[in-house]
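> my questions concern the predicted model and sequence given below.
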Amino acid sequence: TGGPSYAVELGRLDGRISTKASVRHHLPHAEFKLTQLNQMFASHGLSLTDLVALSGAHTIGFSHCSQFSKRIYNFKSRKSIDHTLNPAYAKQLQQVCPKELVDVLIVVVVYPSYFTYVC
């Protein structure tokens with residue numbers, strides 16, 4: 001595809017045990033700001049280009065409702081919706097992530113015109 005390539009060794013090289021607690025502080029959170037993401041990736045020797053490529057390849061258009069529910073329900077003690085969201089899109093998210101089910105649902109959240117902008 002013309003992108004960079006690199007050899008990947010098989011097997012774990014960083015330890016013999018893998019637990020949620022041991023990785024919690026080494027993975028980005030959905031609420032991280034760009035500066036936090038940059039710092040985390042840089043601490044692992046990765047660049048901004050790596051951040052964009054890995055983030056996009058991993059999660060474009062997919063999320064747990066619980067990761068953005070604060071933005072569509074009771075945002076900062078205001079009415080209910082984060083004012084930076086497109087209101088129609090926020091309403092669409094509320095439909096696919098009803099308030100009573102935000103902790104259990106996983107949804108595909110892609111703007112209707114998504115492929116217009118990336119293809």
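Ah, there it is.
> what's the closest non-adjacent residue to the most centrally placed residue in the chain?
In the chain, the C-alpha nearest the mean C-alpha coordinate belongs to A30, at 4.8 Å (C-alpha atoms, centre = their mean). Nearest in space to A30, with sequence neighbours left out and distances taken as C-beta to C-beta, 6 or more residues apart in numbering, is Q67 at 4.0 Å. Where you see a C-beta, it was placed from the backbone N, CA and C, and this is true even at glycine.
> so what touches the top helix by length along the chain?
Secondary structure assigned by DSSP state H gives helix 48-59 as the longest helix of the chain. Helix 48-59 has contacts (C-beta atoms under 8 Å, 6 or more residues apart in numbering) with 3, 28, 37-38, 41, 46.
> mind giving me the domain ranges of this protein?
Structural domains of the chain, as assigned by automatic domain parsing, span the residue ranges 1-59, 61-119.
> do you know the pLDDT at the residue located most distally from the centre of the chain?
Distance from the C-alpha centroid of the chain, by C-alpha atoms, centre = their mean, peaks at R16 (27.5 Å). Listed pLDDT for R16 reads 72.
> so it: helix, strand or coil?
Secondary structure, DSSP: H, G, I helix; E, B strand; the rest coil: R16 is coil.
> where exactly do the strands run in the chain?
62-64, 106-108 (DSSP state E).
> my guess is F68 contacts A30. True?
Yes - when contacts are counted by C-beta atoms under 8 Å, F68 is listed as touching A30 (7.1 Å).
> common neighbours of those two, please.
The overlap between the contact sets of F68 and A30 (C-beta under 8 Å, 6+ apart) is empty.
> about what we covered before: winner for burial among the domains of the chain?
Sort these by mean neighbour count, taking mean count of other C-beta atoms under 10 Å, and domain 61-119 sits at the top with a mean of 13.
> tell me how far V102 lies from F32.
Per C-beta to C-beta, to the nearest Å, V102 is found 20 Å from F32.
> alright, calling it a day.
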